[in-house]
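# With the sequence up front, the predicted model follows.
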Amino acid sequence: MSYEFEEEEFTTQFNGRVLMRILAFLKPYWYWVLGFVIMIAGTSVTDSYFTYLSKLIVDEGIIAQNSERLRQLLTTYGGLAIFQALTVFGFIYLAGVLGERVQYDIRRKLFNHLQELSFSYFDKTPVGWIMSRVTSDSQRIAELVTWGLVDSTWSILNITTSLIFMAIINWRLALLVGCIVPVMGAIAFWFKQRILVYFRRVRKLNSKITGAYNESITGVRVVKAQVREEKNLEEFSFKTTAMYKSAYRAAWLSALFLPIIQIIGAFGVGGVVWYGGLQVQYGDITIGGVQAFLSYLTFMMWPIQDMARVYAEMQQSIASSERVFSLIDAQPDVVDQDGAIDPGYIEGEVTFEDVTFRYEEGKDVLQNFNLHVRPGEHIALVGPTGGGKSTIVNLICRFYEPTEGVIRIDGRDYTGLTQRAIQSRIGMVLQTPHLFSGTIRDNIRYGHLDATDEDVERAAQIAHAHNFIMELENGYDEDVGEGGNLLSVGQKQLISIARAVLADPDILIMDEATSSVDTLTESYIQMGMDAVMEGRTSFVIAHRLSTIKRSDRILVIENGKIAERGTHSELIRAGGHYYDLYTRQFRRDREQVYGLYGDLSPSTA
Amino acid sequence: MNRDIDPKLAKKISFDLKDTVAENRLVGLWRLMKGFRWLYVGALVAIAIGALARSLTYRLIQFVVDDVLGQGLFMDKLPWVGLAFVGLAAVQGGFSYLQGIWTAQTAEGTTLRLRNYLYDHLQRLPFAFHDYNKTGELIQRVTSDVDALRRFYADQAISIGRIVALFLVNFLMLLQLNTRLALLSIIAMPMIVVMSYLFFGRVAKAYDLYQDQEAKLSTRLQENLTGVRVVKAFARQPYEMEKFDGENWEKYQLGKKLLIMHALYWPVSDILCSGQMILVMAVGAMMALRGEITVGTYMAVTGMVVWIVWPMRNLGRLIVQVSTGLVSYRRIADVIDRIREDTFTGVVPEDTAVRGAVSFENVNFAYVPEPELRDPKTQEQKDKEALEQVTAEDLEPIPVLHDVSFRCAPGNVIALLGSTGSGKTSIINLLLRFYDYQSGSIKLDGIELREYSKALLRSQIGIVEQEPFLFSRSIRDNIAYGARRPVTQEEVEAAAKAAAIHDIICTFPEGYDTIVGEKGVTLSGGQRQRVAIARALLKDPRILVLDDATSSVDTETEEQIQEALEVLIPGRTTFIIAHRIQTVMNADLILVLDAGRIIQAGTHATLVQQEGLYRQVYEIQSQIEEEVAAEIRSPDHVVVDDLVATTRVGA
């Protein structure tokens, strides 16, 4: 389980180009948008009209003692209530479903784009970062274009129609109120901006606090052994106190904000009563009219507040979309060239000609690397971590392309082939086998999607995975759990070997596991590997002596170069790097065999 | 402790939460607010006063309409009436402000205290607790569950209070104005509340499904991203897209279902509320027409009814939210309930100079597992919990060490040799009192270990583990981590130099300020170990524990680590958990362990003379050396197949 603690910074102000791109997500559904905007407009106008109706009820019904008119007005009220309910249904449904749809579209787009991106992108970009783009940012954008639109439409219409009705009742008073609205709006925006700043701070601190918890739990042995409890708590309480302050500050601003708006509104109300009351005397305004003004003023607070909130949230969403677009705009490094072909098969001859490769400028991982591998040859790659073994393998798979030089497959520069032509004919068994959630059968079938159940079982038998699978309760239908974590490492390896067998590749790449597995599984893995390597060109990043010794050629890779090459006996006689490596590993293996080394695992109780 | 904080708050947040735990969850939540309760009650009172002021505004309207405008009297009072409106708004606003800050002080203060307490609690809970509880689970409890409580205090309880206050105040006011209208105005109330409760209950379930699907989608994505090599290697991009699309589409469908529920509930409840309004308006208007009530009363009634009817729609949501908040309380209380280890109590004075003579006499130790934390989240889990409860009581102590006795003088080197599970690490754990022994006696400088406070004891022991844990802070902080005093840059550098890590640190762009871990440099195993050695050097302990780990690094690094250790060891009583004869040969005392017992003890010279495990191991290692030599001499010769040998020994 990985934790993504750090919350990202928001830097964005409004940006028209980004906004246009966001709106482009809505384009296929413009009639939905039109639909819900009309619906919310209906809701909003009805809201304002209700207040006006209440005025009419007082003035033309009660005070005028006109029960006929009263009944008529009340019926209208009831009818409008039903109409409004329909519009409410309409906008919730349309906007909500559209939001889900847009989210679906964005995620789909992102995911599909991610499948196209090259390895270099995943090297530079943490999984957690990508995850947040696909999950939370896409959600924020979808909310902006739906609920954000709903809220702002409602607010704007509510304020305007209220002002219109007020003007109908009494334009002078409406003018007075009209002067208050911008003031309230300005204050609301000011507050919401400030509050948002503190909220962001709280979120950031929150992720730091989570990180601190995580560390003190995973590192509890060190904490206790170093008697650090007090100092740790002190450090931690700095974080929580800062969080308290920011959270309190945000709450304080919110607590201050409402009363201020309310009191400004109250001055309006007071003014209406005073001025309106005087006018009632001269018949310019009715009692119902005064009441309507009071209602409009009291409830005008909400749309104003809402607009401020939507605006603040919109800024966040814009920042979200900028990040999403940065992902969408990322271009794959490795692309099929025009006219790239798929020859249909690969013999298995691989040639490196003066290949130089670097991930970043100035740091060559491979330098002028030359290698010729005949079809069916077994190559063992040995050497220290970071020496360049994995890079060689990644280049063969064309996860990366050489910075300089040429790699040929069957004598043909492999950039002239499609990626699919190469990758669909390369089998891969990784050091830490990666399985997907699902059954064992699903995972083996990953190697060849059209395989029948018989094919799957045959592959498992060849890979020597069949026996352990049959011992499981549900056999091939056993659930492997998230990332395969219900199985042991050894079992996962066996399944990934079976997967490679089923794929029936022309070139096999294997990264041997270093972690120890139980002896029986270990022997199955060995036999499985032998079976899958049979008759194919294979590159093995080898750790087991038996694999190394059995290979046709051993390459000792150090600092991006071939330090030594040859067969086992040649290299042992040479007495160089390989000699050191081999004797060391040999000693270790023997110790393990004799059971002296059983405690390699980290010390526990 | 924290100068940065208001002393009054500092006092409030520093007390033991242990006593607040209660079986009844609401009682527990109430106790948890200790120190803030008056503030919180004040906040609730402020809500009531605010609601009252709001109601009075309508009474004022009634007065204006009936007595001022209607009668044409007191026109000269209009400015005063206007001012009264402002005054009432000011009261409302003022109390709303007070409620806001008091609520925030309570909610944020209570959670601040809870966070600090839980942090400290977790680092002080004994090992047996941490052995059995997963990090992810604990983190969840101390973060999202704590936040659930914060929301309970800050929002949910207050909102419920507001709805109740609005209801009571306005209803009482209505009763006073006109009993009939008052009673009429709450006819739809039960229906609205029940509907809201049922709806939000169901929505909560639909929402859970929706969230589960979201989780599935994330998992799918994460697996795709972490397995990008496999996906690309098998050229399975189209297949992956299809699978992701399936889950994505499923989520869209679930979202639609959820929305239909909302899209139906809100208009229906709107109609109910509007119906209630129209009823009051119709009856009120008729009564006003008949002169049973004044126009002002009519206006006041219709104004107040709004505040009774509409807020009720949210009651169901709040009740559902509160019930999840209560579950969170249980989950937190469960952690708080666990007993901390006491690191302070001890009769040996804190300034005692420890020399480092250690003796074990007939020590027996059985590992007593602590039951896992319960999870009351769902009903099924409650049933499972009932089962687990039984097994929890059945948690049998697991015997680990039997009759362990040995003694050593200050400065001795003691090697512990044996296979995994033989008890080597347990001896170290007892020495540090990570766990407590059941019988026998362990003495340090002739004083029983229990007489020392754990803090004193542990500050005298330094550990270099096989895979040292470094914190994601600067390298400097990591080295100075155990020093328990301010440390200068020179001291840190000196320690780093002695540990042969200084030069490497200097190659990092930010030197000693380089952050270790995910966000900074990744150190290799050997480098981590040398940082740990520097850490131990700076701590300057009398007793040293080395978990011999040179097995996992290459020859060159091994030599460097050895050199670093040669600086560290002299003058300290040193325990070496060893895997190889070579490392233990020079030890003053070698303890050979098997299944929790010391089966042999002595120096290398004496042990090789004896029949026993030590000589066996020694002979095997000599044999291995011969095999190595043989292997080298004839590389073409096919060696004993590893597999056959492995399987034979394994069987």
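Okay, I see it.

# For the residue in the stretch 101-250 of chain B that chain A sits nearest to, list the residues it contacts.
At 3.2 Å from chain A, B:A104 is the closest residue in the stretch 101-250 of chain B, using C-beta to the nearest C-beta. Heads up, the C-betas are built off the backbone N, CA and C, glycines and all. The neighbours of B:A104, taking C-beta atoms under 8 Å, 6 or more residues apart in numbering or on different chains as the test, are A:247-248, A:251-252, A:255, B:154.

# could you redo the last one with a cut-off of 10 Å?
A:244, A:247-252, A:254-255, B:39, B:43, B:153-154 (C-beta atoms under 10 Å, 6 or more residues apart in numbering or on different chains).

# Relative to B:A605, which of those residues is nearest.
Nearest to B:A605 out of those is A:Y244 (C-beta to C-beta; 64.0 Å).

# In the stretch 551-651 of chain B, mark out all the helices, start to finish.
Using DSSP state H, counting those that start in this stretch, the helices assigned to the stretch 551-651 of chain B run over residues B:555-568, B:581-584, B:604-609, B:613-633, B:642-650.

# Rebuild these as CSV, extending it with mean pLDDT and distance to B:A333.
Below are the helices of the stretch 551-651 of chain B laid out as CSV (pLDDT from 0 to 100; distance: least, C-beta to C-beta, whole Å):
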stretch, mean pLDDT, distance to B:A333
helix B:555-568, 77, 45
helix B:581-584, 76, 48
helix B:604-609, 90, 54
helix B:613-633, 80, 50
helix B:642-650, 38, 48
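
# With B:G136 as the reference, name the closest of these.
Here helix B:555-568 is closest among the helices of the stretch 551-651 of chain B (C-beta to C-beta), at 33.1 Å.

# Please save the CA atoms from that closest one in CSV.
Taking Å, rounded to 0.1, in the frame of the first residue of the first chain, the C-alpha atoms of helix B:555-568 are listed here in CSV:
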residue,chain,number,x,y,z
THR,B,555,32.6,-7.0,-0.7
GLU,B,556,33.7,-3.4,-0.9
THR,B,557,30.8,-2.1,1.2
GLU,B,558,31.3,-5.0,3.6
GLU,B,559,34.8,-3.9,4.3
GLN,B,560,33.7,-0.3,4.8
ILE,B,561,31.1,-1.3,7.2
GLN,B,562,33.6,-3.5,9.1
GLU,B,563,35.9,-0.5,9.4
ALA,B,564,33.1,1.6,10.7
LEU,B,565,32.2,-1.0,13.2
GLU,B,566,35.7,-1.2,14.4
VAL,B,567,35.4,2.4,15.5
LEU,B,568,32.1,1.8,17.1
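
# Now that helix: buried residues?
By 16 or more other C-beta atoms under 10 Å in any protein chain shown, the buried positions in helix B:555-568 come out as B:557-558, B:560-561, B:564-565, B:568.

# CSV please, covering these and showing distance to B:E491.
Shown next, in CSV, are those (distance: C-beta to C-beta, whole Å):
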residue, distance to B:E491
B:T557, 25
B:E558, 27
B:Q560, 21
B:I561, 21
B:A564, 16
B:L565, 19
B:L568, 15
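
# Which helix or which strand is home to the closest residue in space to B:L209 that isn't next to it in sequence?
Among residues not flanking B:L209 along the chain, B:L254 sits closest, at 5.8 Å (C-beta to C-beta, 6 or more residues apart in numbering or on different chains). Using DSSP states H and E, B:L254 maps to helix B:237-289.

# circling back to that earlier point, work out the gap between the helix or strand encompassing the residue of the stretch 101-250 of chain B closest to chain A and the centre of the chain.
B:A104 is located in helix B:78-124, with elements delineated by DSSP H and E. With C-alpha atoms, centre = their mean, to the nearest Å as the basis, helix B:78-124 stands 27 Å off its chain's centre.

# which secondary structure elements does whichever helix or strand comes after that helix contact?
Sequence-wise, the next helix or strand downstream of helix B:78-124 (DSSP H and E) is helix B:127-132. Secondary-structure packing of helix B:127-132 (3 or more C-beta pairs under 10 Å, 6 or more residues apart in numbering or on different chains; DSSP states H and E): helix A:220-225, helix B:78-124, strand B:358-367.

# Out of the ones you listed, flag the one nearest A:S523.
Taking C-beta to C-beta, strand B:358-367 is the member of these nearest to A:S523, at 33.5 Å.

# For the closest one, which residues meet the burial criterion?
Of the residues in strand B:358-367, B:358-360, B:363, B:365-367 count as buried by neighbour count, 16+ other C-beta under 10 Å.

# cool, stretch A:227-237 as well?
A:227-229, A:232-233, A:236-237.

# So A:L449 belongs to a strand, correct?
No. Judged by DSSP: H, G, I helix; E, B strand; the rest coil, A:L449 forms no part of a strand; its state is coil.

# so what's it closest to, chain neighbours aside?
With sequence-adjacent residues excluded and distances taken as C-beta to C-beta, 6+ apart, A:L449 is closest to B:Y239, at 6.1 Å.

# got it, and B:Y207?
Nearest non-adjacent residue to B:Y207 (C-beta to C-beta, 6+ apart): B:L258, at 6.3 Å.

# tell me the pLDDT at A:R590?
pLDDT, A:R590: 72.

# likewise A:F83?
96.

# thinking it is in contact with A:F50, fair?
No. Between A:F83 and A:F50 there is no contact under C-beta atoms under 10 Å: 11.1 Å.

# between those two, which one's more packed in?
Here A:F83 and A:F50 are compared on neighbour count by other C-beta atoms under 10 Å in any protein chain shown; more neighbours surround A:F50, at 17 against 14.

# Tell me the helix or strand right after the helix or strand hosting that one.
Using DSSP H and E, A:F50 maps to helix A:30-56. Using DSSP H and E, the next helix or strand after helix A:30-56 towards the C-terminus is helix A:67-116.

# what sits up against the next helix or strand after that next one?
Note on helix A:67-116: by DSSP H and E, the next helix or strand toward the C-terminus is helix A:119-124. Applying C-beta under 10 Å, 6+ apart, the set of residues contacting helix A:119-124 from outside is A:114, A:130, A:327, A:330-334, A:359-360, A:394, A:397-401, B:225-226, B:228-229, B:232.

# Excluding covalently adjacent residues, which one is nearest to the residue of the stretch 351-500 of chain B found nearest chain A?
Ranked by C-beta to the nearest C-beta, the top residue of the stretch 351-500 of chain B for proximity to chain A is B:G482, at 3.5 Å. The shortest distance from B:G482 to any non-neighbouring residue, by C-beta to C-beta, 6+ apart, is to A:Q226 (3.5 Å).

# B:M261: neighbouring residues, count only.
Around B:M261 there are 17 residues (other C-beta under 10 Å).

# mind listing what it touches?
By C-beta under 10 Å, 6+ apart, the neighbours of B:M261 are A:92, B:199-200, B:202-203, B:206-207.

# Can you give the domain ranges for the chain?
Just so you know, I chose chain A. Chain A breaks down into these domains under automatic domain parsing: A:16-329, A:343-425+A:506-515+A:534-595, A:431-504.

# that's the other chain; I wanted chain B
Split by automatic domain parsing, chain B gives B:7-178+B:310-338, B:188-292, B:358-418+B:429-579.

# Centre of the chain to the longest one, how far?
Taking the mean of its C-alpha atoms, domain B:358-418+B:429-579 sits 23 Å from the chain's own mean (C-alpha atoms, centre = their mean).

# ok so, going back, which ones among the buried residues of strand B:358-367 also lie next to chain A?
Taking C-beta under 10 Å from any C-beta of the partner chain as the test, chain A is in contact with B:Y367 out of the buried residues of strand B:358-367.
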